[in-house]
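Trainee: A structural model of the following input is requested.
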Amino acid sequence: MSCHFKKDGQNPIHLFANAYCFVLLMNHSIELACRVFKANKGILRTKEALKAGIHRRTFYAMRQAGLIVCISRGFYRLANLPPLQNPDLATVAKRIPQGVVCLVSALSFHGLTTQIPHEISIAIPRSAWFPHLDYPPLKIHRFDKASLKSGVETHAIDGIDVRVYSPEKTLADCFKFRNKIGMPVFLEALRTYRHRNKPNFDKVLEYARICRVERLIKPHLETIL
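Mentor: Next up is the predicted model:
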């Protein structure tokens, strides 16, 4: 880019040249900024964008022009990308990367419940800090280390890696938290899972053992079989 701004503001030709150069520089900056966004799957936090080299003026110009849109406080996405299929899960995965979608939210993701979650249930380490989101609403559950790491699957949702517990781990978790989510929710999910292709009840028992509810869940598995 070879444009150089003139200080002489009295000459109309210089004014035009300065304005033209400014537009060229801004367009070039926006083009580079869009590449940075695309390299990050189209979504960046404000501080991530600035740290990646996007000038604050360029960032604000993109926002003003509608080239990026806010999907959650401090998170922006390129506006020309296809609409998000599940913006809530994508947003939470970006905001809380150490979290895992669990319980009723995981049941819903796997199609094991007729319940419609009004908040996203997330499992995090017992001592972990988590940000307070304006949206979507969250329900935080603190898992011990063994339970937190067991049965985690990674699914690409709207180009974002989202960590979700497997169906089998989710069943064990839902039984453990049956007093909070309701026993009927667990039983409905268990019946639905039973009709899945190749259900693995041994795996459910394995996770129930990790969750320390193996003895209690066994009668329900034996009944369903």
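
Trainee: Tell me how this protein divides into domains.
Mentor: Domain assignment for the chain, taken from automatic domain parsing, gives 12-78, 87-224.

Trainee: how far does the last one stretch from start to finish?
Mentor: Going back to what we said before, that points to domain 87-224. In domain 87-224, first residue to last residue: 35 Å (C-alpha to C-alpha, to the nearest Å).

Trainee: Over it, what's the mean pLDDT, rounded is fine.
Mentor: In this model, domain 87-224 has an average pLDDT of 92.

Trainee: do the first one as well
Mentor: Taken as a whole, domain 12-78 carries a mean pLDDT of 79.

Trainee: Please give the centre-to-centre distance between it and its chain.
Mentor: 23 Å (C-alpha atoms, centre = their mean, to the nearest Å).

Trainee: Show me the helices in the chain, by range?
Mentor: For the chain, applying DSSP state H gives helices covering 12-39, 46-51, 56-65, 87-95, 103-109, 145-149, 167-176, 178-181, 183-194, 201-210, 214-224.

Trainee: now the ones you listed in JSON lines, with mean neighbour count and distance to residue 159?
Mentor: Just so you know, the C-beta spots here come from the backbone N, C-alpha and C atoms, and that holds for glycine as well. Output for those, formatted as JSON lines (neighbours: other C-beta atoms under 10 Å; distance: least, C-beta to C-beta, whole Å):
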{"stretch": "helix 12-39", "mean neighbour count": "14", "distance to residue 159": "10"}
{"stretch": "helix 46-51", "mean neighbour count": "15", "distance to residue 159": "16"}
{"stretch": "helix 56-65", "mean neighbour count": "15", "distance to residue 159": "19"}
{"stretch": "helix 87-95", "mean neighbour count": "22", "distance to residue 159": "8"}
{"stretch": "helix 103-109", "mean neighbour count": "25", "distance to residue 159": "17"}
{"stretch": "helix 145-149", "mean neighbour count": "15", "distance to residue 159": "25"}
{"stretch": "helix 167-176", "mean neighbour count": "27", "distance to residue 159": "23"}
{"stretch": "helix 178-181", "mean neighbour count": "15", "distance to residue 159": "30"}
{"stretch": "helix 183-194", "mean neighbour count": "18", "distance to residue 159": "28"}
{"stretch": "helix 201-210", "mean neighbour count": "18", "distance to residue 159": "29"}
{"stretch": "helix 214-224", "mean neighbour count": "14", "distance to residue 159": "36"}
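
Trainee: could you dump these to a markdown table with distance to residue 74?
Mentor: Converted to a markdown table, the helices of the chain look like this (distance: least, C-beta to C-beta, whole Å):
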| stretch | distance to residue 74 |
| --- | --- |
| helix 12-39 | 15 |
| helix 46-51 | 5 |
| helix 56-65 | 12 |
| helix 87-95 | 9 |
| helix 103-109 | 22 |
| helix 145-149 | 26 |
| helix 167-176 | 30 |
| helix 178-181 | 30 |
| helix 183-194 | 33 |
| helix 201-210 | 35 |
| helix 214-224 | 41 |
